[in-house]
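S.K.: got a sequence here, can you model it:
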Amino acid sequence: MPIKTLSRFTVGDQIVRYLIDSESQRVGLEIIPRSMADRVVARRELLDEPTLASLPARWLPMRAWNVDSLVQVGLVGVPGPGRFAQGRTLRNGSATESLQFFSQRKKGNRIVTLMKSALGFTCEHSLAWDKGGEVLQCKTRFINSSRKPLTLAMLSSFSLGSLSPFHADEAPEKLCLHRFRSAWTAEGRPESRRLEELQIERSWIGGSVACERFGQVGSLPVRGFFPVAAIEDTEAGVTWAAQVAWAGSWQMEVYRRDDCVNFSGGLADREFGHWSKTMAPGQAFETPSAFLTVVRGNLDEATTRLQAAHRTDVPKVEDDLPVIFNEWCTNWGAPTHDNLVAIADRLRGTGVRYLVIDTGWAEGPDDSVLKIGDWNVNRKSFPGGLQATADAIRERGLIPGIWFEFELVTEMAKAFAKTGHQLHFDGVLIEGGGRRFWDFRDPWVHRYLTKKVIDLIRDNGIGYLKVDYNDTIGIGCDGAESPGEGLRAHIEGVREFFWKIRRELPGLVIEICASGGHRLEPSMLDLGAMGSFSDAHETPEVPIVAANVGRLIPARKNQIWAALRTTDSPQRLAYSLAATFLGRMCLAGDVHHLDKSQWALALRAVKLYRRIAPIIRDGVSRRVGSEQMSYRHPAGWQAVTRLAGSGKQALVVVHSFAGQFPKSIGIKLPEGKGSPWVIADSFHVNRKPPAIRGNKLVWSPEGEFRACVIWLKQK
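M.R.: Numbering: from 1, shown residues only. Now for the predicted structure:
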């Protein structure tokens with residue numbers, strides 16, 4: 001068979017293998033767990049099924065599999081893919097098929113593979129890793145080496161082939177696609193489907209392509225799907241996972257034309273994301289990064305490893321994961337100096353560190369949400385200006401924070417009329433819901449927002465910035481060769497402005513928010529200390545959404561709100577507060593009006609949270625419980641166990657919902673590294689406390705919508 005191993009590298013506990021077809025010089029990429037190297041099997045070379053016997057001899061023999069290129073590239077004006085693929089995928093068109101191996105080099109923790117095409121371009125595939133090598137960072141650089149312009153229609157960030165290497169044939173009913181759907185206030189819903197359910201099977205003679213292309217289009221990257229997916233070999237017990245780090249339109253594809261399944265992703269292409277980019281002779285273009293991993297284990301183990309792709313360089317004040325209070329669910333867009341001081345008085349000395357002033361601080365009409373873009377302080381609500389309020393908050397031992405939605409402009413703001421600096425599509429202003437969008441490719445916009453945002457934060461002593469973003473641009477904008485390229489360049493400009501904030505205000509704590517959790521991907525989350533998990537602030541599904549999101553981003557970045565109400569029973573307060581132990585605790589609601597017993601219960605939760613914060617920062621979470629069909633009407637129960645990095649402490653957060661659930665919920669204790677587990681502390685309002693019985697932690701909910709937090713220790 002002409003397929004050979006070009007090179008092989010050991011990266012941490014993974015083996016990276018490059019395959020080459022000696023006839024076509026096509027190069028493919030596969031990664032396998034190091035511990036499974038001896039389980040890799042020799043694939044069948046030819047199809048040998050009885051159904052082929054009646055075919056003409058000139059059609060035979062038929063190859064059972066081929067090397068799938070580690071770079072997928074499409075060019076405008078070059079023939080696309082065959083086998084009924086056009087309109088479903090741009091993979092394996094003539095541009096990709098023309099790529100041939102040229103060279104490969106390894107320098108430090110980076111492997112660069114160079115491929116050249118007779119069509120006049122070069123592709124540089126880069127695979128890099130940090131110490132430990134648990135996650136691989138993959139991207140592609142395209143260079144126009146011809147004498148004429150070339151227009152890209154697709155360029156992958158990653159493409160994995162040869163799935164699964166643990167089967168000689170097509171592995172029927174053994175491969176499963178995991179992905180995570182996402183909607184407003186219902187982020188990160190897991191979905192697992194056998195590839196056969198998605199009709200990703202090899203046709204009997206390979207006469208057609210099977211493909212599932214999915215992603216999102218626009219400027220809310222976690223809308224429809226999270227940019228995370230995995231393929232699991234359920235028989236071998238191996239899972240491959242990938243994450244695209246991009247805040248604009250993106251796509252992933254699961255593809256098959258023979259025995260092997262192939263998995264790729266990156267920027268959304270011309271068909272899916274309206275993207276094309278014209279490259280002048282000598283010009284180069286690099287894709288956003290994608291992160292890859294493979295584990296001998298399940299989906300949770302794979303997604304936990306992908307979390308290592310997130311940066312952790314945050315201000316030192318974040319080291320102990322401070323508790324946040326946000327006043328949005330208190331004042332609903334009408335904050336004043338007086339009500340903020342009242343809140344600060346209630347929070348003084350409690351262990352809460354940030355008090356965030358949300359929307360409504362800027363000058364505007366009665367409904368101040370409609371006036372975004374001028375960013376002038378509302379002197380009726382803040383007669384002494386923001387600095388007087390920020391000073392009052394600091395005097396009470398808290399760090400003042402402020403909300404901005406600086407990428408948008410709304411009607412009734414004077415800036416709404418500055419249309420020359422806003423995004424257009426087909427010559428018309430992009431507008432929806434009374435919102436328009438600044439064009440972040442425009443230097444004027446950066447200068448304007450430097451004054452309005454950065455200078456205001458610096459001049460008023462603000463220490464925390466919540467950046468919201470409550471709409472999407474759609475398929476793209478004018479000003480480039482395609483709407484998708486206009487969007488891509490605009491998103492790059494947005495990220496540049498975030499970096500400017502970080503450079504000029506290095507101690508500022510930044511929260512990434514976009515209608516709650518619609519920007520929870522590495523390229524945006526790396527710009528801040530944390531992100532808002534959702535806008536599901538006080539609904540029964542909060543623990544479910546928080547646990548879902550906790551599978552996909554680090555817990556230290558997963559900000560979860562507990563909106564506390566004067567009408568809440570102790571059980572309801574405990575239910576809300578317990579959910580915040582799944583990530584970063586953010587209090588909200590009527591804290592300065594809670595009665596003595598209600599406030600004492602909240603302070604119990606804050607006190608315990610501060611003690612267990614190191615487990616949140618460095619642990620690993622696993623969820624068990626009922627599968628939820630309706631998030632709005634949850635039933636059954638859920639428990640999340642988080643084992644500390646030391647292996648000697650753990651946190652268990654249990655919630656009961658409606659309907660049927662066990663009278664006593666038993667949760668298997670984690671495998672620690674010390675003596676038997678003991679309960680160090682707990683937070684609940686039930687008559688019967690949790691207990692350890694054998695190898696299980698047992699808790700009785702005593703009713704619907706109850707919760708318990710348990711801190712476990714070993715000596």
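
S.K.: where does this protein dip in pLDDT?
M.R.: Counting by pLDDT under 70, the low-confidence segments of the chain come to 1, 365-370.

S.K.: center of it - which residue?
M.R.: The residue at the geometric middle of the chain, judged as the C-alpha nearest the mean C-alpha position with Cα atoms, centre = their mean, is Glu521 (3.2 Å).

S.K.: distance of that one from Asp535?
M.R.: With the distance defined as Cβ to Cβ, to the nearest Å, Glu521 ends up 17 Å from Asp535. Bear in mind the C-beta positions are built from the backbone N, C-alpha and C, glycine included.

S.K.: residues in contact with Asp426?
M.R.: In this structure, Asp426 makes contact with Asp478, judged by Cβ atoms under 8 Å, 6 or more residues apart in numbering.

S.K.: Gly672 reaches Ala650, doesn't it?
M.R.: Yes. In this structure Gly672 lies within contact range of Ala650 using Cβ atoms under 8 Å: 7.0 Å.

S.K.: neighbour count winner among the two?
M.R.: When neighbours are counted by other Cβ atoms under 10 Å, Gly672 and Ala650 differ, and Ala650 comes out ahead with 25 against 18.

S.K.: my read: the more buried one touches Leu643, true?
M.R.: Yes. Counting by Cβ under 8 Å, Leu643 is a contact partner of Ala650 at 4.9 Å.

S.K.: what touches both of the two?
M.R.: Once Cβ under 8 Å, 6+ apart is applied, the residues that Ala650 and Leu643 both contact turn out to be 615, 619, 670, 672.

S.K.: would CSV of those residues with secondary structure be doable?
M.R.: Compiled in CSV, those are given as follows (DSSP: H, G, I helix; E, B strand; the rest coil):
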residue, secondary structure
Ile615, helix
Gly619, coil
Pro670, coil
Gly672, coil
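
S.K.: redo the residues you listed as JSON lines? Include distance to Arg447.
M.R.: Formatted as JSON lines, the entries for the shared contacts of Ala650 and Leu643 read as follows, by distance: Cβ to Cβ, whole Å:
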{"residue": "Ile615", "distance to Arg447": "44"}
{"residue": "Gly619", "distance to Arg447": "43"}
{"residue": "Pro670", "distance to Arg447": "53"}
{"residue": "Gly672", "distance to Arg447": "55"}
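
S.K.: just give me the closest of those to Gln86.
M.R.: Using Cβ to Cβ, Gly619 is the member of these that sits closest to Gln86, with 47.5 Å.

S.K.: how about the closest one, what does it touch?
M.R.: Neighbour list for Gly619: 555, 642-645, 650-651 [criterion: Cβ under 8 Å, 6+ apart].

S.K.: could you check how far it is from Ala555?
M.R.: Between Gly619 and Ala555 the distance is 7 Å, computed by Cβ to Cβ.

S.K.: hey, what's in contact with both of these two?
M.R.: Common neighbours of Gly619 and Ala555, counting by Cβ under 8 Å, 6+ apart, are Arg642.

S.K.: now do the buried residues in stretch 377-386.
M.R.: 377-378, 381-382, 386 (16 or more other Cβ atoms under 10 Å).

S.K.: can I get those residues in TSV with secondary structure?
M.R.: Formatted as TSV, the entries for the buried residues of stretch 377-386 read as follows, by three-state DSSP:
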residue	secondary structure
Val377	strand
Asn378	coil
Ser381	coil
Phe382	coil
Leu386	helix
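
S.K.: need the strands for the stretch 551-700 of the chain, in chain order.
M.R.: For the stretch 551-700 of the chain, applying DSSP state E, counting those that start in this stretch gives strands covering 558-564, 584-589, 620-625, 637-643, 649-656, 665-668, 678-683, 691-693, 696-699.

S.K.: just put those strands in CSV and tack on distance to Ser146.
M.R.: Formatted as CSV, these follow (distance: least, Cβ to Cβ, whole Å):
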stretch, distance to Ser146
strand 558-564, 47
strand 584-589, 51
strand 620-625, 49
strand 637-643, 54
strand 649-656, 58
strand 665-668, 61
strand 678-683, 65
strand 691-693, 69
strand 696-699, 65
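
S.K.: which one of these lies closest to Gln251?
M.R.: Relative to Gln251, the nearest member of the strands of the stretch 551-700 of the chain by Cβ to Cβ is strand 558-564, separated by 25.3 Å.

S.K.: report the distance from the closest one to the chain centre.
M.R.: Taking the mean of its C-alpha atoms, strand 558-564 sits 19 Å from the chain's own mean (Cα atoms, centre = their mean, to the nearest Å).

S.K.: ok, stretch 654-662 next?
M.R.: 28 Å.

S.K.: over to stretch 7-25?
M.R.: When distances are taken as Cα atoms, centre = their mean, stretch 7-25 is centred 28 Å away from the chain's centroid.

S.K.: which of the shared contacts of Ala650 and Leu643 sits closest to Met115?
M.R.: Comparing every one of those with Met115 (Cβ to Cβ), the shortest separation belongs to Gly619, at 41.7 Å.

S.K.: tell me how far the nearest residue to that closest one once chain neighbours are set aside lies from Asn558.
M.R.: Once flanking residues are discounted, Gly619 sits nearest to Arg642: 4.2 Å by Cβ to Cβ, 6 or more residues apart in numbering. Counting by Cβ to Cβ, the gap from Arg642 to Asn558 is 11 Å.

S.K.: neighbour count: these two, which is higher?
M.R.: Relative neighbour count places Asn558 above the other of Arg642 and Asn558, with 27 against 24, counting by other Cβ under 10 Å.
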